[in-house]
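Trainee: A structural model of the following input is requested.
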Amino acid sequence: MRQTPYYVFDTDEFAKRAAMIRAALDCKGGRRIPLCFSIKANPFLLHRLPAGLDHVEVCSPGELEICIALGVKPECIIYSGVMKEKCDIERAVSYGAGILTCESIRHATLISEVMLECMSEGAQEAGLVEKKAQVILRLTSGNQFGMSLEDIEYIISHPDEFKGIAVMGIHYYSGTQKSLRKINKDLEKIKSALTMLKDKYSFEPQLVEYGPGLCVEYFEDDWQEKEKQSLDEAAEVLREFAVEYPLGIEMGRFLAASCGKYYTQVKDLKSTGDANYAILDGGIHHLNYFGQRMAMQVPPISIYRAAGVELTQLPDIDYTLCGSLCTVADVLVREVKLKKLELGDVLEFGHCGAYSVTEAPALFLSRQLPAIYAYSKEYGYECLREHIPAAEINLAGKKL
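Mentor: Next comes the predicted model:
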C-alpha cells in the first residue's frame, strides 16, 4: 500500500464521463455542441485529456502556466478569470489562447490594448500574433463575476474604442448544483439578452458559452442513475437551445467528481462515552465535499486491510471519523457504521475528483500535502506529485 494520504484520479473514468456527456449533448444530424472542461475543478486531470473535450477553461495565470507546461493546445484554451492584468493577457495572447473572456469594460480595454501593441512594429519578433483577439463577454448572474447587460451593450456598440478585439459571443454561469428549473431560467435570461442585442445592434453570436452547473450526488447510493437522469433532462433543453444559438457547454464538477478517490490511514482508535473515534492521517485540509453540513452526510467509503482478512466477519460499529488537525472542526464524517476498524486500516473516500485537491485548506497546521496519482488501465498508476511538506511553504524565508 502506498504511503497515505494520497489521491488517485482515474483518467479512464474521466474519459468515460466525457463520453457520456458528449453522447447526451450531440444533436440530430450530427451537429456538435462544444464541451469545455473548467480546469479549476481539477488541474491534475489535464494529464490525460479525453478526446470528447473541445476546450479547457483557464481562470488564472497559474492555470495557464500549467497548460503551457503540459502542452495543452493553445487554440483549445478559453482564458477566463475575474481579475486580469495586462501581463496576464500578454502571456495568454503570446501562447495563442483561442478565446479570451471579458468580465468588465476594463478587460475589453486591456485585451484591445495588448492586441494593438502586438500589431505594432517588432511585435512579430516577440512571438505575438497579428490579429484581433476573439472574445466572449460574460453576462453577470448578479455577483462580482461578469458585467451588466448595459456594459455589454457599450462594448458591442463602440467597436472603435476596442479595435483589438472581435466580440464572438456571450458567456454565462450562475452557479453549481442547479435544478432543471434554474437551468431553464438561465437560458431564458440568455435568450432575452441575445434578442435585445440582435434587435438593437444586429449582433449574432458565434458562441454562447454556458455552464449548466449540473448537480453531483455526493451522498447517494444510486448517484449514477440520478446524475444520468439530471444530465438527460438538462441535455434535452440544451439541445433545443442549440437549435437557435451556437451553444457551448462548460463543466467542471460534473465532469470530474467521480474520477477521484482519497486514501487515508487509521492512526488511532479511542472511545469517549458513547462515541468511537477513528483518527486518520488526512482530514478536512485534504477532503472537501460541496454540500457537506457539519459532517452529517456520508460519502462513499471503503476499507482496505491486509490481505487475507475477511471484513464481512467483523461486527458493525458506529464511528466518528476525524482527521489529524488540532481543531474540533476536523471531522470528516460525524457518524458512520463501518466494520470494526484496526490501526493501519486504509479508508477510501470516493467522489472527490473535483475541487478537494485544490480547494481544501491544505496548508493549515503545516501537515504534508498528499501525494497524487493518475490511474488508467493502459498506463497503470503514475505519480503526478510526491508528498510535499507544508512546513517548507509556511516557513518564512528559510528552508527545512
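Trainee: Next, the contact list for the residue most central in space within the chain, please.
Mentor: Residue closest to the average C-alpha location in the chain (CA atoms, centre = their mean): A41, at 1.8 Å. Neighbouring residues of A41 by CB atoms under 8 Å, 6 or more residues apart in numbering: G252, R253, L255, A256, A257, G353, A354, Y355. No exception for glycine: its C-beta is placed from N, CA and C like everyone else's.
Trainee: Equivalent analysis for M168, please.
Mentor: For M168, counting by CB under 8 Å, 6+ apart, the contacting residues are I99, Q134, V135, I136, P205, Q206, L207.
Trainee: residue farthest from the centroid of this structure?
Mentor: Quick read of the chain (CA atoms, centre = their mean): farthest out is G273, 41.3 Å.
Trainee: Next up, phi/psi of it, please.
Mentor: phi 60, psi -120 (degrees, to the nearest 10).
Trainee: Could you do D232 as well?
Mentor: The phi/psi pair for D232 (degrees, to the nearest 10) is phi -60, psi -40.
Trainee: okay, now it: neighbour count?
Mentor: 10 (other CB atoms under 10 Å).
Trainee: If we ignore the residues flanking it in sequence, what's nearest it?
Mentor: Of all residues not flanking D232 in the chain, A24 sits nearest, at 6.0 Å (CB to CB, 6 or more residues apart in numbering).
Trainee: Pull out the buried positions in whichever strand or helix holds that neighbour.
Mentor: Assigned by DSSP states H and E, A24 belongs to helix 11-25. For helix 11-25, the neighbour count (16 or more other CB atoms under 10 Å) marks T11, D12, E13, F14, A15, R17, A18, M20, I21, R22, A24, L25 as buried.
Trainee: Name all residues that make contact with the second one.
Mentor: By CB under 8 Å, 6+ apart, the residues touching D12 are Y375, S376, K377.
Trainee: burial count for the closest residue to K340 other than its chain neighbours?
Mentor: In this structure, K340 finds its nearest non-sequential neighbour in L314, 4.5 Å apart by CB to CB, 6+ apart. For L314, the neighbour count with other CB under 10 Å is 15.
Trainee: In this structure L314 contacts E342, no?
Mentor: No: using CB atoms under 8 Å, L314 is not in contact with E342, being 9.1 Å away.
Trainee: who's the closest residue to D316 other than its chain neighbours bridged to?
Mentor: Counting by CB to CB, 6+ apart, D316 lies nearest to K337, which is 5.0 Å off, once chain neighbours are set aside. Here K337 sits in beta bridges with D318, going by DSSP bridges.
Trainee: dump the residue contacts of T195.
Mentor: T195 neighbours (CB under 8 Å, 6+ apart): none.
Trainee: Report the secondary structure state of it.
Mentor: What DSSP: H, G, I helix; E, B strand; the rest coil gives for T195 is helix.
Trainee: follow-up on the earlier one: Serialize the buried residues of helix 11-25 to a markdown table and add fields for pLDDT.
Mentor: Shown next, in a markdown table, are the buried residues of helix 11-25 (pLDDT from 0 to 100):
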| residue | pLDDT |
| --- | --- |
| T11 | 97 |
| D12 | 97 |
| E13 | 97 |
| F14 | 97 |
| A15 | 96 |
| R17 | 96 |
| A18 | 96 |
| M20 | 95 |
| I21 | 96 |
| R22 | 93 |
| A24 | 94 |
| L25 | 93 |
